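In: next input, structure requested:
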Amino acid sequence: MATPLVSDPLWSIIEPLLPRPAAKPKGGRPAVPARAALTGILFVLRTGIPWEMLPAEMGCGSGVTCWRRLRDWQAAGVWDRLHRELLHRLRDAERIDWSRACMDSSSIAAKKGGDATGPNPTDRGRPGTKRHLVTDRRGVPLAFVLTGANVHDSLPFEQLLDAVPPIAGRRGRPRRRPDKLHADKAYDHRRCRRACHKRRIKPRIARRGIETSQKLGRHRWVIERTFAWISRFRRLVTRYERRLDIHHAFTSITCSLICFNALQGRF
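Out: Next comes the predicted model:
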């Protein structure tokens with residue numbers, strides 16, 4: 001029997017975060033159950049198929065129904081809350097390693113354009129989106145920022161650092177700053193180092209023309225592995241969504257599922 005896309009442990013975390021369905025005083029067709037709609041959303045995310053090709057035999061309703069649930073739950077802040085909740089559980093289980101963090105970015109093609117897109121210099125100027133990511137020492141995604149593919153890696157540096165939410169644990173105050181931050185030469189700017197010192201983070205950024213990337217690569221390989229995990233979700237290999245909120249929702253869900261795997265001890 002195939003493993004369900006929405007397992008019982010995962011559903012027990014997500015269900016309390018979902019808004020209550022609106023009442024229908026005039027009756028009408030019963031709404032598709034939330035768990036069924038979520039199954040359809042994850043199926044599209046994992047396989048990358050168009051919404052209209054969602055198999056009816058899955059019992060998830062139509063692709064339009066699942067898309068609307070994704071949109072409405074994104075507007076309600078469900079996906080960001082889910083990511084924060086899983087990070088809280090990971091720290092409570094002492095599975096977030098704050099001794100060092102890694103930062104990097106990855107660009108993908110944006111077929112239909114939209115917000116947070118720009119000419120990709122590595123793809124002959126075709127429209128693209130850049131995914132900026134920061135992880136802990138083990139590769140757990142702590143935060144991400146989406147920009148156009150033509151935005152330099154160093155520009156959203158402070159925004160990405162500040163996007164890491166305060167994460168409470170079993171004991172001690174909520175934490176959001178690692179001890180060290182490893183990054184490649186794209187971040188070799190004084191303002192990036194000043195931003196780290198301001199937040200009491202020790203920067204370990206490769207210096208252009210002085211250091212090779214091989215030494216820092218001993219620590220930064222974990223974020224490359226996380227990008228590879230994200231690419232397993234076929235809907236994120238290429239950006240098909242014109243709307244930024246939908247693409248942000250898919251990215252947030254993917255980071256949450258990686259955190260859930262870490263919570264289950266799968267890496």
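In: tell me the helix or strand right after the helix or strand containing G40.
Out: Using DSSP states H and E, G40 falls within helix 34-47. Later in the chain than helix 34-47, the nearest helix or strand by DSSP H and E is helix 63-75.
In: that older thread, helices or strands next to the helix holding G40 in the packing?
Out: Secondary-structure packing of helix 34-47 (3 or more CB pairs under 8 Å, 6 or more residues apart in numbering; DSSP states H and E): helix 8-14, helix 63-75, helix 244-263. C-beta here means a position set from N, CA and C on the backbone, and glycine is covered the same way.
In: surely T251 touches H132?
Out: No. Contact between T251 and H132 fails when scored by CB atoms under 8 Å: they sit 10.8 Å apart.
In: can you list residues touching both of these two?
Out: Common contacts of T251 and H132 (CB atoms under 8 Å, 6 or more residues apart in numbering): 144, 146.
In: more neighbours: which of these two?
Out: T251 (25 against 21; other CB atoms under 10 Å).
In: for the residue lying closest to the more buried one once chain neighbours are set aside, pull up the helix or strand it's in.
Out: Among residues not flanking T251 along the chain, F144 sits closest, at 6.1 Å (CB to CB, 6 or more residues apart in numbering). For F144, the element it lies in under DSSP H and E is strand 141-148.
In: give me the distance between A206 and V134.
Out: 16 Å (CB to CB, to the nearest Å).
In: who are the packing partners of the least confident helix or strand in the chain by mean pLDDT?
Out: Ranked by mean pLDDT, DSSP states H and E, the weakest helix or strand in the chain is helix 213-231, scoring a mean of 83. Helix 213-231 sits against strand 101-109, strand 127-135, strand 180-183, helix 244-263, with contacts defined as 3+ CB pairs under 8 Å, 6+ apart.
In: sec struct for R266, please.
Out: Put simply, R266 is coil when judged by DSSP: H, G, I helix; E, B strand; the rest coil.
In: equivalent analysis for R177, please.
Out: Here R177 is recorded as coil under three-state DSSP.
In: so it touches I201, yeah?
Out: Yes. With contact taken as CB under 8 Å, R177 and I201 are classed as touching, separated by 5.7 Å.
In: these two - which one has more neighbours?
Out: Using other CB under 10 Å, the more surrounded residue of R177 and I201 is I201, with 18 against 14.
In: leaving out chain neighbours, which residue sits closest to the more buried one?
Out: That would be L181: by CB to CB, 6+ apart, it lies 5.1 Å from I201.
In: likewise for L5?
Out: L42 (4.3 Å).
In: same check, this time on T47
Out: With sequence-adjacent residues excluded and distances taken as CB to CB, 6+ apart, T47 is closest to R234, at 5.7 Å.
In: which residues does that neighbour contact?
Out: 45-48.
In: which of those are buried? Put it as a PyMOL command.
Out: Selection of buried members from those for PyMOL, criterion 16 or more other CB atoms under 10 Å:
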select buried, resi 45+46
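In: what's the neighbour count on the residue nearest to T251?
Out: Other residues within reach of F144, judged by other CB under 10 Å, total 21.
In: could you give the bridge partners of it?
Out: Applying DSSP bridges to F144 yields these beta-bridge partners: L133.
In: go on, the one 4 residues further on?
Out: Following DSSP bridges, G148 is listed with bridge partners T129.
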